[in-house]
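In: Let's see this in three dimensions:
(4 chains)
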2 protein chains.
Amino acid sequence: MNIGELERISGLKRSTIRVYEKLGLLTPDDDRRGNGYRTYGHAHVDRLASIKLAQTLGFRLKDIRALMQAWENGSMTKAEKLAAMQTRLSEVREKQASLARLETWLADIILWIERGETGTKPKP
Amino acid sequence: MNIGELERISGLKRSTIRVYEKLGLLTPDDDRRGNGYRTYGHAHVDRLASIKLAQTLGFRLKDIRALMQAWENGSMTKAEKLAAMQTRLSEVREKQASLARLETWLADIILWIERGETGTKPKP
DNA sequence: CTACACTGTGAACTATAGTGCACGGTCAAG
DNA sequence: CTTGACCGTGCACTATAGTTCACAGTGTAG
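Out: Predicted coordinates for the structure are as follows:
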């Protein structure tokens, strides 16, 4: 498919897709069909979905790129790949812990509002 | 307290604190002590902590300002406040679920690498 | 062949959230 | 009164993540 269809399927603007390409996040198929047009397949659609997911979790594009390259690129040793993935896993677990604290705080605030905002305002 | 102590307590740079002031997020006490120095109390420390938490939830500063202003105005009813907080709570729980999926994915990738990258690549 | 939709490029522009710097006034210890 | 820490202002700068634009080539339906 061309970039226009990828745009429609993914919901991302083509300018954004081109930015991702420049950042090394989404490389079109090699050929460019002689006319220079970028060509994509469903793997690219999946990839954009993964990028979006990672972004909503607070990862920056360059970190997402590093993450993806680590598991696609044969230039890293097994140990390096494992180290990279385990670093990300630690980050995810830290974020989970933060969110758990936030969840508690929000729940406390809701209770406090229900009590008529009396007593001590819950603190983060 | 002066801005320097607030900086030390909150962990935010004083330039950041001044930006928040310009954005209407954190107004110092009224007086400015005649010498022009900003004056803060512990309420300001709490407020900065709340701003930081809201940010980690993915709120933008202008949205945080709007929410806080509405809250303090008295222009929100108890039901509206509860609704706003419960929406945030839902968002937090959604993020938690996403992170759990991401955690599983990363753990699968680590296992896959340990197996020598044989078999199907884990998908998000 | 023409019209029009689609694609390419690079550069400039926007929005968000800060950070750093120069320059000058203020405060308090010695 | 001097020195050094602290504070004020404004402006310029950075980083991230896009968006918009002008201009040019391509593809295809009629």
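In: Every contact and neighbour count from this point should use C-alpha atoms.
Out: Fine.
In: can you point me to the longest helix in chain A?
Out: The helix that spans the most residues within chain A, counting by DSSP state H, is helix A:78-114.
In: Can you point out the buried residues in that helix?
Out: A:78, A:81-82, A:84-86, A:88-89, A:92-93, A:95-96, A:99, A:102-103, A:105-110, A:112-113 (16 or more other Cα atoms under 10 Å in any protein chain shown).
In: Spatially central residue for chain A, please.
Out: In chain A, the C-alpha nearest the mean C-alpha coordinate belongs to A:Ala54, at 1.7 Å (Cα atoms, centre = their mean).
In: Quick one: name whatever helix or strand follows the helix or strand where it lies.
Out: Per DSSP states H and E: A:Ala54 is located in helix A:42-56. As assigned by DSSP H and E, the chain's next helix or strand after helix A:42-56 is helix A:61-72.
In: ok, back up a step: does the helix holding A:Ala54 come close to DNA strand C?
Out: No: for a cut-off given as Cα under 7 Å from any atom of the strand, helix A:42-56 has no contacts with DNA strand C; the smallest distance is 13.9 Å.
In: do the same with stretch A:19-28
Out: No: figure legend: stretch A:19-28 not in contact with DNA strand C (Cα under 7 Å from any atom of the strand); closest approach 8.5 Å.
In: end-to-end on that stretch?
Out: Using Cα to Cα, to the nearest Å, one end of stretch A:19-28 lies 12 Å from the other.
In: Name the residues of chain A found near chain B, please.
Out: A:50, A:53, A:57, A:78, A:81-82, A:85-86, A:88-89, A:92-93, A:95-96, A:99-100, A:102-103, A:106-107, A:109-110, A:113-114, A:116, A:123-124 (Cα under 8 Å from any Cα of the partner chain).
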